[in-house]
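> based on what follows, work out the 3D shape:
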Amino acid sequence: MMRGFRGATTVKENDEAEILEETEKLVKMMVEKNDIKPEQISHVFFSVTEDLNATFPAKVSRRIPGWKYVPVMCMREIDVPGSLEKCIRVMLVAETELKQDEVEHVFLNDAVKLRPDLMNGKKG
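Prediction:
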C-alpha cells in the first residue's frame, strides 16, 4: 500500500545551513518513526514558505545514505496571510504495511502548531 507521510518544521533564519540541518533532522525522523527504507520511497515533495529561498531543502536527500535514486522536488507554498512563517513541509510517499492511522507524521519546532490533532503523544 502506498501512503503519504507528512512532516513539517520551521527555521529561525533564511539560512542555507539551518534550512538543510532542520530538513535533514525532519526527514530522518520521518523515516525512522515509520521504518521506511529508501527503496520503499516513491517520491518526496518539499515545500517552503515564501520567506525561504536560501537553498533547496531537497538537497538533504544527497546527504542520506541510499537516497541517490529517490525522486525529490521542491516547490513554494501558497502565501496565505497569517500562515506559519519560515516553514518547510515534506510529503513523502512510500510503500508500507502501516494502516493510515498508524502512520506517524512528524512536526518539529513551530510547525507543531500546524496539526495539533496529530500531536497526541504518539504522533510527531
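
> my guess is residue 2 meets residue 42, correct?
Yes: at 6.2 Å, residue 2 and residue 42 qualify as touching, with contact defined as CB atoms under 8 Å. Glycine gets a C-beta too; all of them are placed from N, C-alpha and C.

> same drill for the two, tell me which one is more crowded.
residue 42 (13 against 9; other CB atoms under 10 Å).

> centre of the chain to whichever strand or helix holds residue 74, how far?
Per DSSP states H and E: residue 74 is located in strand 72-76. Averaging C-alpha positions (CA atoms, centre = their mean, to the nearest Å) puts strand 72-76 11 Å from its chain's average.

> next: stretch 89-107.
With CA atoms, centre = their mean, you get 11 Å for stretch 89-107.

> what does that stretch rub up against?
Contact partners of stretch 89-107, identified using CB atoms under 8 Å, 6 or more residues apart in numbering, comprise 1-9, 23, 26-27, 29-31, 33-34, 36, 40-48, 57, 77, 111, 114-115, 118-119, 122-124.
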